[in-house]
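Participant: prediction below, plus the sequence it came from.
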Amino acid sequence: MIDLRSDTVTKPSQLMRDVSAKAIVGDDVYGEDPTVNELEDYAAKLVGKEAALFVTSGTQGNQAAILTHCHSGQEAIIDEDAHVVVYEGAAISAFAGVQPKTLAHHRGQIPLEAIEEAIREDDVHYPETGMIWLENTHNRSGGSVLPISYLKEVYQLANKHNTPVHIDGARLFNAAIASRVEASEIAQYTDSIQFCLSKGLGAPVGSILAGNKTFIDKARKKRKMLGGGLRQAGILAAPGLLALKSNIQRLADDHDHAKKLAKAINTYTDLSVKHHVDTNIIIADTHESQSSAPEWVKALEKRGIAIIQYKPQALRFTTHLDVSSEDIEIVIEQLKQCSKRKS
């Protein structure tokens, strides 16, 4: 099966398994796991922050950030399709007691004037604005990348209103590779940032939350509250460290594969990829197709290809390190065979 459902399906390499087995460990809750400490130091330097925190998942990292930046009864400005709103089980409200102020966006970019208008005045009737939230790359926009210029403008606006900015950078390094910049150039325009080790980077588990030392010291306690004290966590941290050292530059291959596959979908099928493919996610629209989204999923599954229905009339194809150039050619051939060629 060629699995294009998500980049979360990657399997750890044999080398990752080896470094995990040999990792020097200690009790991380006491700050005594040398492998976790090395991962956190390396990750912080990679994104240009003072400190970092190893967390079990992107959701845990995001929730620790919210709990650290905000207090109950505040409001967070977020785009209406953000992962934290759609896919994190209302944790922002359940755990932190924070109300999301969701705004319309274009490919993850909320207009600056809309952000400024949403920042609350000091009024007894209103919640306080606790933070501004961005997502880069933007999942539900097909892995779109937020321009550096936009990040800078949002950060300047936030500073003007003394409001922290957090970036959910689950696929941060995809954004960096696509923008041809270091991840630190993106992270400089945020007060905190979360990125995953377990997606395109190929580690089996874990994410990183980074910010200044004061922020991370507070976030470490929030992680504990969320059940994230993992004791001898070096066994998990070692593959993540290897992923950061070895698998960032190769993300460009995933982007190339996605662009090639998107072109083939538009050329050979009655599906339509309407968005520009920036990174490794393709959203294929089924509105003009003779087959429904569930029918496409079943048809491709029979041909050894796994994808997901992403929206009622859309499919998602996601490339990653376990999908080779040869696999992409197979997928294209199978698409040809189960599709009517466009006239």
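Facilitator: Arrived safely, thanks for sending. Every value quoted in this text rests on a predicted model; they were computed, and no experiment measured them.

Participant: next secondary structure after the longest helix seen in the chain?
Facilitator: Looking across the chain with DSSP state H, the single longest helix is helix 251-268. Downstream of helix 251-268, the next assigned helix or strand under DSSP states H and E is strand 281-285.

Participant: now the angle from that next one to helix 251-268?
Facilitator: Angle between the axes of strand 281-285 and helix 251-268 is 20 degrees (criterion: axes from the mean of the first three to the mean of the last three CA atoms, to 10 degrees).

Participant: follow-up on the earlier one: show me what counts as buried in the longest helix of the chain.
Facilitator: Neighbour-count burial for helix 251-268 flags 251, 253-255, 257-262, 264-265, 268 (criterion: 16 or more other CB atoms under 10 Å). The C-beta positions use only the backbone N, C-alpha and C, and glycine is treated the same way.

Participant: for this structure, what spans make up the helices?
Facilitator: 14-22, 34-46, 58-69, 83-86, 91-94, 112-118, 148-160, 172-179, 183-187, 213-225, 234-246, 251-268, 293-302, 325-337.

Participant: show me where pLDDT drops low in the stretch 151-300 of the chain?
Facilitator: Applying pLDDT under 70 to the stretch 151-300 of the chain flags no residue at all.

Participant: picking that back up, next one: the longest helix of the chain to chain centre, how far?
Facilitator: 20 Å (CA atoms, centre = their mean, to the nearest Å).

Participant: okay, that helix in PDB with CA atoms only?
Facilitator: What follows is helix 251-268, C-alpha atoms only, in PDB (Å, rounded to 0.1, in the frame of the first residue of the first chain):
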ATOM      1  CA  LEU A 251      11.600  17.700   2.600                       C
ATOM      2  CA  ALA A 252      12.200  19.400  -0.800                       C
ATOM      3  CA  ASP A 253      11.800  15.900  -2.400                       C
ATOM      4  CA  ASP A 254       8.300  15.700  -0.900                       C
ATOM      5  CA  HIS A 255       7.400  19.100  -2.300                       C
ATOM      6  CA  ASP A 256       8.600  18.000  -5.700                       C
ATOM      7  CA  HIS A 257       6.600  14.800  -5.500                       C
ATOM      8  CA  ALA A 258       3.400  16.700  -4.500                       C
ATOM      9  CA  LYS A 259       3.700  19.200  -7.300                       C
ATOM     10  CA  LYS A 260       4.200  16.400  -9.900                       C
ATOM     11  CA  LEU A 261       1.300  14.500  -8.500                       C
ATOM     12  CA  ALA A 262      -1.000  17.600  -8.500                       C
ATOM     13  CA  LYS A 263      -0.100  18.300 -12.100                       C
ATOM     14  CA  ALA A 264      -1.000  14.700 -13.000                       C
ATOM     15  CA  ILE A 265      -4.300  14.900 -11.200                       C
ATOM     16  CA  ASN A 266      -5.300  18.000 -13.100                       C
ATOM     17  CA  THR A 267      -4.100  16.500 -16.400                       C
ATOM     18  CA  TYR A 268      -5.400  12.900 -16.300                       C
END
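
Participant: packing partners for it?
Facilitator: On a contact count with 3 or more CB pairs under 8 Å, 6 or more residues apart in numbering; DSSP states H and E, helix 251-268 meets helix 172-179, strand 281-285, strand 314-318, helix 325-337.

Participant: now the angle between helix 325-337 and that helix, please.
Facilitator: Using the same axes, to 10 degrees: helix 251-268 against helix 325-337 is 10 degrees.

Participant: can you count the residues close to residue 326?
Facilitator: Burial measure for residue 326: 9 neighbouring residues, criterion other CB atoms under 10 Å.

Participant: do the one 5 residues further on as well
Facilitator: Here the number of neighbours of residue 331 (other CB under 10 Å) works out to 25.

Participant: swap in the one 5 residues further on?
Facilitator: With neighbours defined by other CB under 10 Å, the count for residue 336 comes to 14.

Participant: check residue 155 too.
Facilitator: Number of residues near residue 155 (other CB under 10 Å) recorded here: 19.

Participant: how close does the closest residue to it other than its chain neighbours get to residue 23?
Facilitator: Sequence neighbours aside, residue 189 is the residue nearest to residue 155 in space, at 4.0 Å (criterion: CB to CB, 6 or more residues apart in numbering). For residue 189, the distance to residue 23 equals 34 Å [CB to CB, to the nearest Å].

Participant: so what pLDDT did residue 341 get?
Facilitator: Per-residue pLDDT puts residue 341 at 48.

Participant: what's the closest non-adjacent residue to residue 7?
Facilitator: Nearest non-adjacent residue to residue 7, counting by CB to CB, 6+ apart: residue 320, 3.8 Å away.

Participant: ok, residue 280 touching residue 258?
Facilitator: Yes. Between residue 280 and residue 258 there is a contact under CB atoms under 8 Å: 4.9 Å.

Participant: adding distance to residue 212, write the helices and strands packed on helix 251-268 out as JSON lines.
Facilitator: Converted to JSON lines, these look like this (distance: least, CB to CB, whole Å):
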{"stretch": "helix 172-179", "distance to residue 212": "18"}
{"stretch": "strand 281-285", "distance to residue 212": "31"}
{"stretch": "strand 314-318", "distance to residue 212": "33"}
{"stretch": "helix 325-337", "distance to residue 212": "42"}
